[in-house]
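Asker: okay, structure incoming, though there's no sequence with it:
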């Protein structure tokens, strides 16, 4: 029995090592492109439902948090189905690895948002820029298991996040464009890169 347990532990370690050394192909261009569309829809809804977000911060947050949650669900569903098709027996290990790589940044984004709202609500204008920087850090952490050109998307979110903090203050910080443009174009860029690299692999 000890030998069997040791063998099972060794097999699990080998699977984990293989997952770390394999490029994750679970993320698909279709779901990422749909999240770009979601960002545009959310911007339109903001204009209609939250015309003065600086006076209705909870409404603004509810809209964009719901949008982010729906985007995560769409990407997650496609990631699971594609992984099971492409990575076969390694699918579960690679999905877990992808989550582990992005989870620290996502958790930091949620906690930082809660802390700012609770203890420094006057700084809420920084949230769009902070969210973009947090997403950038999560993508940088994930890039080692993604197609190499995806680092351009991480760089895009870092640049737009810093630009938002530098320029979008006061009323302009909550402009629908402060969210729709960075996230819409960033997700479209990611979808294009995945389509391009996936097409190259198929040709290869």
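Answerer: Structure received. Treat the numbers as computed from the prediction; the structure is a model and nothing was measured. Numbers count the residues shown, from 1 in each chain.
Asker: for residue 40, see how far away residue 56 is.
Answerer: According to Cβ to Cβ, to the nearest Å, residue 56 stands 21 Å off from residue 40. The way it works is simple: take the backbone N, C-alpha and C, and place the C-beta from them, glycine included.
Asker: wait, residue 102 sits on residue 138?
Answerer: Yes: Residue 102 is within contact range of residue 138, at 4.5 Å (criterion: Cβ atoms under 8 Å).
Asker: compare those two (neighbour count), which wins?
Answerer: residue 138 (21 against 17; other Cβ atoms under 10 Å).
Asker: any chance you could list what contacts whichever helix or strand the more buried one is part of?
Answerer: Per DSSP states H and E: residue 138 is located in helix 127-142. Outside helix 127-142, the residues that touch it by Cβ atoms under 8 Å, 6 or more residues apart in numbering are 61, 98, 101-102, 104-106, 108-109, 112-113, 116, 150-151, 153-158, 160-165, 168, 173-174, 178-179, 182-183, 186.
Asker: in the helix or strand just after it, what's buried?
Answerer: Per DSSP H and E, the first helix or strand lying C-terminal to helix 127-142 is helix 151-167. By neighbour count on 16 or more other Cβ atoms under 10 Å, the buried set for helix 151-167 is 151, 153-154, 156-158, 160-161, 164-165.
Asker: quick one, helix 151-167 and helix 127-142 angle?
Answerer: Relative orientation of helix 151-167 versus helix 127-142 (axes from the mean of the first three to the mean of the last three Cα atoms, to 10 degrees): 160 degrees.
Asker: so which bits of the helix or strand immediately after helix 151-167 in the chain are buried?
Answerer: As assigned by DSSP H and E, the chain's next helix or strand after helix 151-167 is helix 176-203. By neighbour count with 16+ other Cβ under 10 Å, helix 176-203 contains the buried residues 176, 178-184, 186-191, 193-194, 197-198.
Asker: and for stretch 86-106?
Answerer: For stretch 86-106, the neighbour count (16+ other Cβ under 10 Å) marks 86-87, 90-91, 93-95, 97-98, 101-102, 105-106 as buried.
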